[in-house]
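Colleague: could you work out the structure for the sequence below:
(2 chains)
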There are 2 protein chains.
Amino acid sequence: MPTDYVHQLDNGLVLLGEPSDAFQSAAFSLLISAGCRHDPAGQAGLASLSCEMMLRGAGDRDSRHLISDLENLGVERSESVGVSQANFSGATISASLIPALSIYADIVRRPHLPEDQLEAGRAVCIQELRGVEDDPGQKLMMELRRRHYPDPWGRPSHGEQDDLAKLTAADVQQFFTNRYGPRDAILGIAGNFDWQEVCNAADELFGDWKVQADYSPITEMAPSKDTHLTYDSNQSHIGLAFPSIPYRHPQYFEAWSAVGVLSGGMSSRLFSEVREKRGLCYTVYASLHTQRERAAVFCYAGTTAERAQETLDVTHSELVRLGEGVQAEELARLKARIKSSLIMQQESTSARAGSLSRDWYHLGRIRPIEEVAAKVDALTAESINAYLAANPPETFTCLTLGPQPLELPNGIS
Amino acid sequence: MPTDYVHQLDNGLVLLGEPSDAFQSAAFSLLISAGCRHDPAGQAGLASLSCEMMLRGAGDRDSRHLISDLENLGVERSESVGVSQANFSGATISASLIPALSIYADIVRRPHLPEDQLEAGRAVCIQELRGVEDDPGQKLMMELRRRHYPDPWGRPSHGEQDDLAKLTAADVQQFFTNRYGPRDAILGIAGNFDWQEVCNAADELFGDWKVQADYSPITEMAPSKDTHLTYDSNQSHIGLAFPSIPYRHPQYFEAWSAVGVLSGGMSSRLFSEVREKRGLCYTVYASLHTQRERAAVFCYAGTTAERAQETLDVTHSELVRLGEGVQAEELARLKARIKSSLIMQQESTSARAGSLSRDWYHLGRIRPIEEVAAKVDALTAESINAYLAANPPETFTCLTLGPQPLELPNGIS
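Modeller: Numbering: from 1, shown residues only, chains lettered A, B, ... in the order given. Predicted coordinates:
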């Protein structure tokens, strides 16, 4: 399967497929190398504003017709901007797939970027940014990521309000010209479709797309190093991060499953120790966040101010204790959970389309779900513990948000 | 299909199925008539605390083994408490379905409700409640619902902190005895399974479950009638509600599609007028919330304080304008969206299991997805407009949350 359904155009765009008759729907995920790490200095938020403007008319359609036509095709769509890429994804019934792709070819190649809608687009971006200010948990984790990774890798895509306020239509046009093109573009499609038809459509829609310049200025912006953000509330939010290894690393599954023992199921250590036994919080989790060249585990706990210190201490000691290794029965439970979730993931065209595109970005190939299952099967407590012994959770970044600072555990500053 | 896969036990419990070979997974949704409208006076939060305690050991398994065994079966589970019911749902691979159901039979019939875990369970409930206080958008919509519906129908399931603090293990035991039983219990199952096997399993697991007393004290608690909640932030949150008709009403699809024209897609009126054209907010939506005997449309907009008045005015006038009717092309786009989403819903065992149980609760029968599709096909602008002419959006409940009160539109007080 892997090599059969890969079609790379001369201009660089890669088309990936996972056709299946088990569905009536089809989903796609189009990654364009237009993430916020390419926001120039003083223009933080440009990638987001550009993405927001892309759907406001393209090709022969004005804003209204573009949206109407996508809706007439029954497309459930979403757009997001990450550090490296903008992601345009959608799902619809099988018969509407190619017509939908043809509209998306207009969107990413021939957007109008209408000047008279710039103020509305900017206002939406600023509203989104300010909405985060009202969501302290999200705000904390955003700031933790910014402090943990070297810039630009931890940037939030929302940008900065002062920068957003100054962006012009010419800036958006320039960003579009620099970043939107077939170089590094990846289009993953899963569900009910004919592979040959989709290849022909991709040739026609994207074959003559001109390669963009290899223009990628990356401007470092040094983040604040504060370990506490004061916030007037009776809740405290706690974030801890430590370095890990990315998806492409040979030991990735060891690192990932160690985090699975820490967090994920109800018997996971954090859930059990922090929530179930002590009732310290309603939400506590850790997750392995992976970029192509770097990765980290981000851990969150939200609690009342009076129990915040205990929550931080217990959470931190569970992270440290992970370095001592996992038990065979913890791994057995984890494997059962993963096996089940892989099967359910296979039953979602959107999940599969997203995986295809991500796999290609991270690995330069498709990783079939059977390979993932085999890698999970092959995990042993020994292999995980060997990884943990060599890479115990340490070098933590800690950030808290709430009415008052907490005492940081030993070894964190 | 509808009548073939319905199996009612003598004690009242109804088993509903939608078997399909297209899946490798199976999902279930078990509704028990144990929602928060049964919280006695001064015990707001009892249904939630009881639900929280249910998984802390049952049958032969203590808390730890119960959770381990569910995870070993690969069950992705969730529990929630609504106004009328507690919902225990899960999904797993086909082969694990019946073993998982047998654990759930222990959970709802033979929970340990261990006294030594009461404090931890209570702490989790209080943490959840206080978490809402830090999420102003959620807080607003919770309070709007409470003000719009007559008590107990708008109650938040989280309860009240003072009440939660006083609940005892005996209260939980009493609630369990009163409310957990086969009367009004509904178990919907969708995905890959053998109907006859599941019927036999249900007979064995639930056949001798004793009918609970028909004990349902409903205590009215009068909510505050304030129209503004002061909150120190630069954001304002706006909520508007108006009465609608429930799922079981013959004109439900007319009411529902009118709300679909208002909100849902990018070309919907609220998204277009409030977000796209004016950039007033990042999030704006309206949705038809239906209980069995009553329903309402709840509308939310979150914005900056300085644009809050304009947002309220524009949103309110869009709601009022809906009373003038919808256009044929708006309906055409909506139908395409619905058609596509019905197909995608059919590809999720969890979504289908949830629908089966809800259909039975609302209608006393299964409504096959083909019937929904036919009802949507039959909608015309005329039928929707006849409904809207007779039932224009009016009698609004308005609630705002932010730094200062807004001027309410004419006709709202």
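
Colleague: going by C-alpha atoms from here, please, whenever you check contacts or count neighbours.
Modeller: OK.

Colleague: run a quick neighbour tally on residue A:410.
Modeller: 8 (other C-alpha atoms under 10 Å in any protein chain shown).

Colleague: then it would be within a helix, right?
Modeller: No - with DSSP: H, G, I helix; E, B strand; the rest coil as the criterion, residue A:410 is assigned coil and is not in a helix.

Colleague: what residues does the stretch 301-413 of chain A have near chain B?
Modeller: A:302-304, A:332-341, A:343-344, A:347-348 (C-alpha under 8 Å from any C-alpha of the partner chain).

Colleague: is there proximity between the host helix or strand of residue A:103 and chain B?
Modeller: Per DSSP states H and E, residue A:103 falls inside helix A:97-109. No - counting by C-alpha under 8 Å from any C-alpha, chain B has no neighbours in helix A:97-109; the shortest distance is 11.3 Å.

Colleague: helices or strands up against whatever helix or strand comes next after that helix?
Modeller: Downstream of helix A:97-109, the next assigned helix or strand under DSSP H and E is helix A:118-133. Judged by 3 or more C-alpha pairs under 8 Å, 6 or more residues apart in numbering or on different chains; DSSP states H and E, the packing partners of helix A:118-133 are helix A:46-54, helix A:136-148, helix A:161-166, strand B:295-304.

Colleague: so which of those gets nearest residue A:355?
Modeller: When these are compared by C-alpha to C-alpha, helix A:46-54 sits nearest residue A:355, at 21.5 Å.

Colleague: got a list of contacts for that closest one?
Modeller: A:34-36, A:38-40, A:79-81, A:86, A:107-108, A:111-114, A:117-118, A:121-122, A:125, A:157-159, A:164, A:167, A:171-172, A:175-176 (C-alpha atoms under 8 Å, 6 or more residues apart in numbering or on different chains).

Colleague: next: stretch A:329-345.
Modeller: A:257, A:260-261, A:265, A:351-352, A:369, A:373, A:376-377, A:380-381, B:24-25, B:68, B:71-76, B:92-93.

Colleague: need the buried ones from these selected in PyMOL.
Modeller: The buried residues among these can be selected in PyMOL (16 or more other C-alpha atoms under 10 Å in any protein chain shown) with this line:
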select buried, (chain A and resi 257+260+261+265+351+352+376+380+381) or (chain B and resi 24+25+68+71+72+73+74+75+76+92+93)
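
Colleague: just the ones of the contacts of stretch A:329-345 in helices?
Modeller: In this view, the contacts of stretch A:329-345 that belong to helices under DSSP state H are A:257, A:260-261, A:351-352, A:369, A:373, A:376-377, A:381, B:68, B:71-72.

Colleague: just the closest of these to residue A:322, please.
Modeller: Residue A:322 has its nearest neighbour among the ones in helices among the contacts of stretch A:329-345 in residue A:261, at 8.6 Å by C-alpha to C-alpha.

Colleague: make sure the closest one is actually in contact with residue A:268.
Modeller: Yes - counting by C-alpha atoms under 8 Å, residue A:268 is a contact partner of residue A:261 at 5.3 Å.

Colleague: what touches both of these two?
Modeller: Common neighbours of residue A:261 and residue A:268 (C-alpha under 8 Å, 6+ apart) do not exist.

Colleague: grab the nearest non-local neighbour of residue A:277.
Modeller: residue B:120 (5.9 Å; C-alpha to C-alpha, 6 or more residues apart in numbering or on different chains).

Colleague: wait, the one you found touches residue A:282, no?
Modeller: No - if you go by C-alpha under 8 Å, residue B:120 and residue A:282 don't touch, sitting 10.7 Å apart.

Colleague: okay, and the common contacts of the two?
Modeller: residue A:275.

Colleague: which element, helix or strand, includes residue A:332?
Modeller: Applying DSSP H and E, one finds residue A:332 within helix A:328-346.

Colleague: per-residue pLDDT of the residue nearest the centre of chain A, please?
Modeller: The centroid of chain A falls nearest to residue A:82 when counting by C-alpha atoms, centre = their mean (6.2 Å). According to the prediction, residue A:82 has pLDDT 96.

Colleague: so what's it closest to, chain neighbours aside?
Modeller: residue A:35 (5.2 Å).

Colleague: and of the ones in helices among the contacts of stretch A:329-345, the nearest to residue A:144?
Modeller: Of those, the one sitting nearest to residue A:144 (C-alpha to C-alpha) turns out to be residue A:260, at 20.8 Å.

Colleague: distance check, that closest one against residue A:334.
Modeller: 7 Å (C-alpha to C-alpha, to the nearest Å).

Colleague: am I right that residue A:286 sits in a strand?
Modeller: Yes - according to three-state DSSP, residue A:286 belongs to a strand.

Colleague: can you tell me the closest non-neighbouring residue to it?
Modeller: residue A:299 (4.0 Å).

Colleague: what about the one you found, how many residues nearby?
Modeller: Residues near residue A:299, counting by other C-alpha under 10 Å: 25.

Colleague: right, and it touches residue A:237 too?
Modeller: No - judged on C-alpha under 8 Å, residue A:299 makes no contact with residue A:237 at a distance of 10.7 Å.

Colleague: show me the beta-bridge partners of the residue nearest to residue A:286.
Modeller: When bridges are called by DSSP bridges, residue A:299 pairs up with residue A:240, residue A:286.

Colleague: and it, what does it touch?
Modeller: A:239-241, A:284-287.

Colleague: go again with 6 Å.
Modeller: A:239-240, A:285-286 (C-alpha atoms under 6 Å, 6 or more residues apart in numbering or on different chains).

Colleague: got a winner among those for most neighbours?
Modeller: residue A:239 (29 neighbours).

Colleague: and that residue, how close does it get to residue A:401?
Modeller: Following C-alpha to C-alpha, the distance that separates residue A:239 from residue A:401 is 9 Å.

Colleague: and residue A:327, what's its pLDDT?
Modeller: Confidence for residue A:327, expressed as pLDDT, is 97.

Colleague: low-confidence ranges in the stretch 1-150 of chain A?
Modeller: In the predicted model of the stretch 1-150 of chain A, residues A:1-3 satisfy pLDDT under 70.

Colleague: so which bits of it are right by chain B?
Modeller: Listed as neighbours of chain B in the stretch 1-150 of chain A under the rule C-alpha under 6 Å from any C-alpha of the partner chain: A:22, A:71-72, A:74, A:92-93, A:120, A:123-124, A:127-128.

Colleague: can you report how many residues lie near the nearest residue to residue A:166 once chain neighbours are set aside?
Modeller: Closest residue to residue A:166 apart from its sequence neighbours, by C-alpha to C-alpha, 6+ apart: residue A:43 at 7.8 Å. Neighbours of residue A:43 under the rule other C-alpha under 10 Å: 21.

Colleague: let me see the backbone angles for residue A:43.
Modeller: Main-chain torsions, residue A:43, degrees, to the nearest 10: phi -130, psi 40.
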